[in-house]
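A.B. asks: mind looking at a prediction? Sequence and model below.
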Amino acid sequence: MTALLDIRGLTIDIARDGGPARVVDGIDLAIQQGESVGIVGESGCGKSLTMLSLVGLLPNRIRATGGSAMFGGRDLLKLGPKELRKVRGSEIGFIFQDPMTSLNPVIRVGDQIAEALIWQKGLAKEAAQARAVELLELVGIPGPAERARAWPHELSGGMRQRVMIAMGLAGHPRLLIADEPTTALDVTIQAQIVDLVRELKDKMQMAVVWITHDLALIAGLADRIAVLYAGTVVEDAPVSAIFERPTHPYTRGLLASLPTLAGAAMERLPSIGGTPPEPGRRPPGCPFAPRCAHAVAACAEAVPRLAPVPGSDPRHRVACPVMTERAAA
Amino acid sequence: MFAYILRRFILWVPSVLLVMLAVYALAFYGAGDPIKLIFLRAPGDVAYDPAKIEAIRDQAGLNRPFIVQFGGYIWNLLQGNFGNSLVSGRSVWAMVKAAAPVSFQLGLCAILVTAIVAIPLGMIAGLRQNSRLDYIILGTAVALWAIPAYVAGPLLMVLLLAVLPDGSVPYGWGGIFSVKVLLPLIVLSFQPIALILRQTRAAVIEVMSEDYVRTARAKGVPELVVALRHILRPVLTPVVTQLGLIMITIVNGAIFVELVFGLPGLGRLTVSALTNSDFPVILAITLIGSFLVMLSNLLVDLLYPLLDPRAADAKGAR
Amino acid sequence: MTAIAEDDRPSSLWRDAWKRLRRNRLAVIGLFIIAILVIVAAFGPWMSPYDFLSQNLDARNQPPSGLHWLGTDDLGRDVLSRLIYGARTAFLVAVGVTVAAVLIGVVLGAIAGFYGGAFDRFVMWFTDMTMSVPQLLLVVVINASLKQPISLWMEARYMETLNPIWRNSAIIDFVLVFGSMALITWPPYARLVRAQVLSVRGRPYVTAARALGLTNRIILMRYVLPNAMGPLIVAVSAGLGTAMVLESAFSFLGVGVTPPTPSWGNMISDGLRVWTNYPHLLLAPAAVLAVVTVAFNFLGDGLNDALNPKGQK
């Protein structure tokens, strides 16, 4: 079975005065039909840029410079602006982080949803507006007909994020990318939004990519997790394997810094020392080596590649020769 | 709504009164005695006789205390009496009524021209930020801004002189639909166009980096629709505000343009009143100018909720 | 890697801004033209080929020639020399007016923003008012009505004291022209500073400074005003150009710097009377004024981009 989306060797550069700086450095990632994948990493590790690059939404001065992204038999990175526009929304839908700033303040929410239908499905205005009301109902907004006529500022944060979801689903995409959809919301609302997306995913049989830095959130959601560090995938495994047998030192660090109910209340949470390298100032070899407690001399020489972890799930791969060897031993 | 307009008007009254008081005081203490000025101007007709002047002053009430005179002026004003010109003796109201249509028509057309020219060009420059096209548009705008109307006017006339076969330069007033109006209209619009264009460009650049523009693109909306719907509409809010403020630039500019092109409007009336220290006329024009500016600000405020739904709510809550 | 070496230097806000400014070609051109203006204004008397007052009635209204590069005016005075002296006037007007306006604006704006209350309301009402009457008219009225009484008063002082300073008409000019121009140009500065102060006042570090027991005055000088510097510099750079244009507008209306002191404004308005026959008398000063105004605008835009890098994204 071919993957829905197959990213290979993707590189993304920021144009700077002193020459380009690499933010995403050879990402390999495949997403299967109907799969739910979490992409986890610190801010600035390139997780959002990777997804934005697929549909040509990178900000100015940032550009995908290499690799391929096969989707439905086409390389998304080679499509022209017109073809990419047709992919956006109708094949790959987006939900963005901040519902406060992601809705246009001077357009009624119903019209903003209808707009997607008009341009993707060629619906007439009335039909699109009627469908927008249905979509609002689908995402659980009470009184959808009245809410469609509301302005964004009249809705609460949770409501706005539901509107964003309705917009992302309007074109019935095969892949929905949820870019930290809950970080800007209250904890109680977070759970509702997450449940809603999960439920809709099953109903509409989409694949969903969750971009997040919140491992705890993703644990109950994703089938698989890819951990990103400094623009590369350092570990890619089914959720159970990540939590049971975290292998990369960075993944272990992330998991160790999660608070647990069992942990002693007064104990300080362990954290990873140091900071990730800035784009363009990546050390040679493994980018995590300077912060890694297990680093050996070889780590600073060659960039490690993803390799299967012996004795774990066959889909569990990690980019750390040191840990792979230990697992084999 | 009506209460809001009324409140704005009531707030405007004290400021305009203060300005008129200042102008009146300058006339009273500065330029000197209007009667004396008349005599000085027409020394041949009437012998300069201090006693006679005193008598006329007494009769005209000019020897009363300043504040009484100012009060009297305002009282007359409230009854629609603007007084008479010191120079021609004609009713100021009649003079203003004759001149105002020329200036009003010209000014309104200038605002229209400004909006039609500046907003699209500013959009294009902003959307293509730092491109060659952007530099050309922006450079032209800065140049237009820097060349005063009284220089641009004559220069354009030289150009026309060279181009037109019969050597007739448009001069004077032939109604708002006459071809003659084109040149003054263009010159009067130069500075407003430059200001609005730069404002539009800056707003476009700001809005372009907003999250909701990215959302619109992510929905698969075509670029043109993104520009006209998602970028232009939020941009209009600050730009229309600025269009209201531009009124002052146009009122100021009209003075020069009317002088250069020989248009019988309020601007020319102002200059002749200034050179003759014809204070009743100056006072009336100050009042009208200030009223116009207040009116345009009020219009913008009333338009605001239509442009930005958030403002509508804020007003409702007040 | 030079880029990295440069980045490793301790970078300050001002050095970064300067770096960005240097990259902006238009701003550099503007800066260059302004530098020339300053040099000409400072050393003009030694640079000009003729005295700006010396009349040569045999050589009136001459077109540009080898002898008079930009020709002569209706009194046979060398246009180039008058332009060079005019640079001095232009510079004085621009700096004098802007300094006065900025001083008034910063003081009133800072106090209004920092202390709020009735004073704040009054200042805002006053700026609203001055910004909502046709200011040009107001200033012309002030000038037109005060010029005569003041010159009469000065003449009387001269008669009393015989001190020639009372006969120097340039003083009235500068006091009146500067004063009235500053009067209409300060409100925007006041609003700008007030807005900055309001946005800074509530920040945690100001609260922290207050908690440390610093006095209002120190907080204002040390924390609040430096934050307002960026926008203020941009406004000043545009204001310098505006002041020059304003002076020429005054001259055109007959209330600017009094002849024979040369200003570009009164040269333009003189030129306007004869431009159909002697276009160079209008073109030369108009072109110089336009170039300098554009230069200040280029610099202002460049400074704006350099000091507010956020807008560049």
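C.D. replies: Perfect, thanks for sending it. Numbering: from 1, shown residues only, chains lettered A, B, ... in the order given.
A.B. asks: from here on, contacts and neighbour counts on C-alpha atoms
C.D. replies: Noted.
A.B. asks: just the helices in the stretch 201-329 of chain A please.
C.D. replies: In the stretch 201-329 of chain A, the helices defined using DSSP state H, counting those that start in this stretch lie at A:215-219, A:239-244, A:249-256, A:321-328.
A.B. asks: then chain C?
C.D. replies: For chain C, the helices defined by DSSP state H cover C:2-8, C:13-23, C:25-47, C:79-115, C:117-131, C:135-161, C:169-173, C:179-201, C:204-211, C:216-219, C:225-252, C:264-274, C:280-307.
A.B. asks: only the buried residues of the last one, if you could.
C.D. replies: Yep, that's helix C:280-307 we're talking about. By neighbour count with 16 or more other CA atoms under 10 Å in any protein chain shown, helix C:280-307 contains the buried residues C:280-287, C:289-307.
A.B. asks: which outside residues touch stretch A:23-31?
C.D. replies: Identification of contacts with stretch A:23-31 by CA atoms under 8 Å, 6 or more residues apart in numbering or on different chains yields A:3-14, A:37, A:45-46, A:49-50, A:67, A:207, A:230-233, A:279-280.
A.B. asks: which among these count as buried?
C.D. replies: Buried by 16+ other CA under 10 Å: A:3-8, A:10-14, A:37, A:45-46, A:49-50, A:67, A:207, A:230-233, A:279-280, out of the contacts of stretch A:23-31.
A.B. asks: domain parsing for chain B?
C.D. replies: Using automatic domain parsing, the domain parsing of chain B gives B:2-78, B:97-317.
A.B. asks: show the end-to-end separation of the shortest one, please.
C.D. replies: Think domain B:2-78. Taking CA to CA, to the nearest Å, domain B:2-78 runs 22 Å from one end to the other.
A.B. asks: give me the element the residue in the stretch 201-318 of chain B positioned nearest to chain A is part of.
C.D. replies: At 4.1 Å from chain A, residue B:212 is the closest residue in the stretch 201-318 of chain B, using CA to the nearest CA. Using DSSP states H and E, residue B:212 maps to helix B:211-218.
A.B. asks: still on that earlier bit, and the domains of chain B, which is most packed in?
C.D. replies: Comparing the domains of chain B by mean neighbour count (mean count of other CA atoms under 10 Å in any protein chain shown), domain B:97-317 comes out on top with a mean of 19.
A.B. asks: so it, near chain C or not?
C.D. replies: Yes. Shown here: domain B:97-317 in contact with chain C (CA under 8 Å from any CA of the partner chain) through B:142-143, B:146-148, B:151, B:154, B:158, B:205-206, B:209, B:248, B:251-252, B:271, B:274-275, B:277, B:286, B:289-290, B:293-294.
A.B. asks: how far away from the center of its chain is that domain?
C.D. replies: A distance of 10 Å separates the centroid of the chain from that of domain B:97-317, by CA atoms, centre = their mean, to the nearest Å.
A.B. asks: list the residues that contact the spatially most central residue of chain A.
C.D. replies: Nearest to the geometric centre of chain A sits residue A:211, at 2.6 Å (CA atoms, centre = their mean). Counting by CA under 8 Å, 6+ apart, residue A:211 makes contact with A:38, A:39, A:40, A:47, A:48, A:177, A:178, A:179, A:180.
A.B. asks: for chain C, what's the nearest residue on chain A?
C.D. replies: residue A:18 (5.0 Å).
A.B. asks: ok, that residue to chain B distance?
C.D. replies: Distance of residue A:18 to chain B, computed by CA to the nearest CA, to the nearest Å: 19 Å.
A.B. asks: helix, strand or coil: sort out that residue for me.
C.D. replies: What DSSP: H, G, I helix; E, B strand; the rest coil gives for residue A:18 is coil.
A.B. asks: again with residue A:68
C.D. replies: Reduced to three states with three-state DSSP, the structure at residue A:68 is strand.
A.B. asks: and the pLDDT for it?
C.D. replies: Predicted confidence (pLDDT) for residue A:68: 90.
A.B. asks: for residue A:56, which three-state class applies?
C.D. replies: coil.
A.B. asks: tally of neighbours for residue 112?
C.D. replies: You didn't say which chain, so I picked chain A. Counted by other CA atoms under 10 Å in any protein chain shown, the residues lying close to residue A:112 total 25.
A.B. asks: that's the wrong chain, I meant chain C
C.D. replies: Neighbour number of residue C:112 under other CA under 10 Å is 25.
A.B. asks: cool, residue A:114 as well?
C.D. replies: Neighbour tally, residue A:114, other CA under 10 Å: 27.
A.B. asks: so it touches residue A:134, yeah?
C.D. replies: No. Assessed by CA atoms under 8 Å, residue A:114 is found out of contact with residue A:134, at 10.6 Å.
A.B. asks: follow-up on the earlier one: out of the residues of domain B:97-317 next to chain C, which are inside helices?
C.D. replies: Taking DSSP H as the definition of helices, the residues of domain B:97-317 next to chain C contribute B:142-143, B:146, B:151, B:154, B:158, B:205-206, B:248, B:251-252, B:271, B:274-275, B:286, B:289-290, B:293-294.
A.B. asks: so residue B:129: helix, strand or coil?
C.D. replies: Here residue B:129 is recorded as coil under three-state DSSP.
A.B. asks: thought it was touching residue B:206?
C.D. replies: No. Counting by CA under 8 Å, residue B:129 stays clear of residue B:206, with 11.1 Å between them.
A.B. asks: wait, residue C:174 sits on residue C:257?
C.D. replies: Yes. In this structure, residue C:174 is within contact of residue C:257 by CA under 8 Å, at 7.3 Å.
A.B. asks: quick one, which of those two is more surrounded?
C.D. replies: residue C:257 (27 against 19).
A.B. asks: could you pull out the helices in the stretch 1-150 of chain A for me?
C.D. replies: A:47-54, A:81-87, A:109-121, A:125-138, A:144-147.
A.B. asks: just these: most buried one?
C.D. replies: helix A:109-121 (a mean of 25).
A.B. asks: and that helix, anywhere near chain B?
C.D. replies: Yes. Applying CA under 8 Å from any CA, one finds helix A:109-121 in contact with chain B at A:115, A:116, A:119, A:120.
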